[in-house]
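# Here is a sequence with its predicted model. Questions after.
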Amino acid sequence: MNKLLFNLCIAFTLVYFTSCSTEDLQDSNDSSITGVWKLTAWNVNEGFDFNNDGIISTNLLHEIDCSRNETLFFDQKGVVSLNTVFNPEINIALLNVSNSEYNFDVACDSEGVISLATSYTVNGSMIMIGESKAQINGNQISLVFDDRIKIYNKELTQVVETKDLTLVYKKQ
């Protein structure tokens, strides 16, 4: 899962420069989405125990001790801005298949703020953020990245498994 946010930045930047004008988007945006949304979860099915406290958590934010502050800001003109200082580099190695033993290497990258912007549109409970689909449920937005968590062999030379990563944001 090398540099998830770097990949997000590239995707948002590419989409931003290829999207339609904000005049076209203004009519299709729901005013309830406008405002600041804060990252509250990095969810992975079945979870992990990165910090070796004996508790497996599906929310990796509970397992990773890195500085974090990530927000999305949706304006009324169809533009969403991302600002983040949470950008860990995570390497997961499967050591033993029979008992699901893993080795975790987490490096926190806390230098600077990553900011970017792209367009968004709202259609009922679905929101398109650039080319990514997200689900709105009350005061939460869930954005799923398929196969984002990569699990390697012991030598970290081959991906042996992947897991979906769901980012959850809560309206502030």
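Perfect, I can see it now. Everything numeric here is computed off the predicted structure, so don't read it as measured data.
# When you work out contacts or count neighbours from here on, use the C-alpha atoms and nothing else.
OK.
# is residue 39 in a bridge, and if so with what?
Judged by DSSP bridges, the bridge partners of residue 39 are residue 169.
# burial count for it?
21 (other Cα atoms under 10 Å).
# next one: the one 4 residues further on
Counted with other Cα under 10 Å, the neighbours of residue 43 add up to 20.
# now do the one 10 residues further on
Applying the criterion other Cα under 10 Å, we find 8 residues in the vicinity of residue 53.
# any idea how far residue 159 is from residue 153?
Plainly put, residue 159 is 6 Å away from residue 153 if you go by Cα to Cα, to the nearest Å.
# Excluding residues flanking it in the chain, which one is nearest residue 33?
The shortest distance from residue 33 to any non-neighbouring residue, by Cα to Cα, 6 or more residues apart in numbering, is to residue 74 (6.5 Å).
# and that neighbour, what is it in contact with?
33, 34, 35, 36, 80, 81 (Cα atoms under 8 Å, 6 or more residues apart in numbering).
# per-residue pLDDT, the residue lying farthest from the centre of the chain?
The centre of the chain is farthest from one residue, residue 98, which by Cα atoms, centre = their mean lies 29.8 Å away. pLDDT recorded at residue 98 is 90.
# Thanks a lot, see you next time.
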